[in-house]
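A.B. asks: Dropping the sequence and predicted coords here.
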Number of protein chains: 2
Amino acid sequence: MALGKDYASQECSVARALEIVGERWTLLVVRDALYGVRRYNDFLVHLGIPRAVLAARLQALTEAGVLEKRRYQESPPRDEYLVTPLGRDLWPVLRALGVWGRSLPGAEPMREFRHAPCGTDLGLTGECTTCGIGSVPLEDVEMLPGAGLDPDPADPVSRVLAQPRRLLQPVVTEPV
Amino acid sequence: MALGKDYASQECSVARALEIVGERWTLLVVRDALYGVRRYNDFLVHLGIPRAVLAARLQALTEAGVLEKRRYQESPPRDEYLVTPLGRDLWPVLRALGVWGRSLPGAEPMREFRHAPCGTDLGLTGECTTCGIGSVPLEDVEMLPGAGLDPDPADPVSRVLAQPRRLLQPVVTEPV
């Protein structure tokens, strides 16, 4: 059942979105990027996916303008991937998916998301009902470990993400 | 690059959601179901996907509790697929994806979504700011053709969906 990458007959905006973020793992790469993961090795260890898949996803997301590649070291050359404004706009999609995933049987919350200035749990897609903000800026979103979180001791990224922090706050790990 | 169907190392609720709706075409099947498509042949003609793929997606969504299969005719036996409450809860995900897709370069809106009682365009994930309703009931969402809509004359479903209607309003087409 080989399917093409695009949805040629499906011109709606949902299909257009899925042409960019509908491939396997892509939204989890975006999720990690919004959590502050920037470096290839950190995506690799946290997602546990084949190198070729990760490289393809990072390249496609960069070409689509969701991520931006930036050289952070010249010798040896090393790049990191930053979330663009277009990529930030995917947060409501990920938030809605996460809320739906939490409604599935047996799910325990891994992370809680709050509006940092007031401490209110975010709404369905990232709004703060206390402050009346429809779309809380990502830098003001606090990520906290939830009851279901069980960080992998062998994964330095999951250890970093188990601490209270802000969205987009860069994940810093020791070099592999 | 064969990837397993699940994201074993990814226990977050986004990954749990994607295990159900992350396969190719799955969210477009759910989209059509929320638009009122119920019958196999109608999904088939509107999505233009291979029969085996559609059958697999409908079965998986039924097993996951997103759709419910109901026999509507005994001789010959024919089933239709209705959206369950769990499936309705995917509307904010699809709305957010559609809004994001519309922000991509060159996109023209195919459909507009309004809160029928007041005529206000829906917000990012289906809220009505005029009435202060965070999540408009799907039956109160009016679908209208947008500037970019160009229904396929050979596809009776796209002709039905080009008329103003409500979400979940059953799509009725002539038998193929």
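C.D. replies: Done, it's in.
A.B. asks: so who does the nearest residue to A:Thr120 once chain neighbours are set aside touch?
C.D. replies: Sequence neighbours aside, A:Thr130 is the residue nearest to A:Thr120 in space, at 4.1 Å (criterion: CB to CB, 6 or more residues apart in numbering or on different chains). For the C-beta atoms, the positions are set from N, CA and C on the backbone; glycine is no exception. A:Thr130 makes contact with A:115, A:118, A:120 under the criterion CB atoms under 8 Å, 6 or more residues apart in numbering or on different chains.
A.B. asks: Buried subset of those as a ChimeraX selection?
C.D. replies: The ChimeraX command for the buried members of the contacts of A:Thr130 (criterion: 16 or more other CB atoms under 10 Å in any protein chain shown) is given here:
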select /A:115,120
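A.B. asks: In JSON lines: the contacts of A:Thr130, plus secondary structure.
C.D. replies: Formatted as JSON lines, the contacts of A:Thr130 follow (DSSP: H, G, I helix; E, B strand; the rest coil):
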{"residue": "A:His115", "secondary structure": "strand"}
{"residue": "A:Cys118", "secondary structure": "coil"}
{"residue": "A:Thr120", "secondary structure": "strand"}
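A.B. asks: Out of the contacts of A:Thr130, which comes closest to chain B?
C.D. replies: A:Thr120 (13.9 Å; CB to the nearest CB).
A.B. asks: Could you look up the SS state of A:Leu58?
C.D. replies: When classified by three-state DSSP, A:Leu58 comes out as helix.
A.B. asks: hang on, it packs against A:Tyr40?
C.D. replies: Yes: A:Leu58 lies in contact with A:Tyr40 (CB atoms under 8 Å); the separation is 7.1 Å.
A.B. asks: what sits in contact with each of these two?
C.D. replies: Residues within reach of A:Leu58 and of A:Tyr40 at once, by CB under 8 Å, 6+ apart, are A:Tyr81.
A.B. asks: which among the contacts of A:Thr130 gets closest to A:Pro109?
C.D. replies: A:Thr120 (15.8 Å; CB to CB).
A.B. asks: Flag the shaky bits of chain A, pLDDT-wise.
C.D. replies: Filtered on pLDDT under 70, chain A yields the residue ranges A:1-11, A:175-176.
A.B. asks: Any idea which residue is closest to the centre of it?
C.D. replies: Against the mean C-alpha coordinate of chain A, by CA atoms, centre = their mean, the closest residue is A:Arg31 at 1.1 Å.
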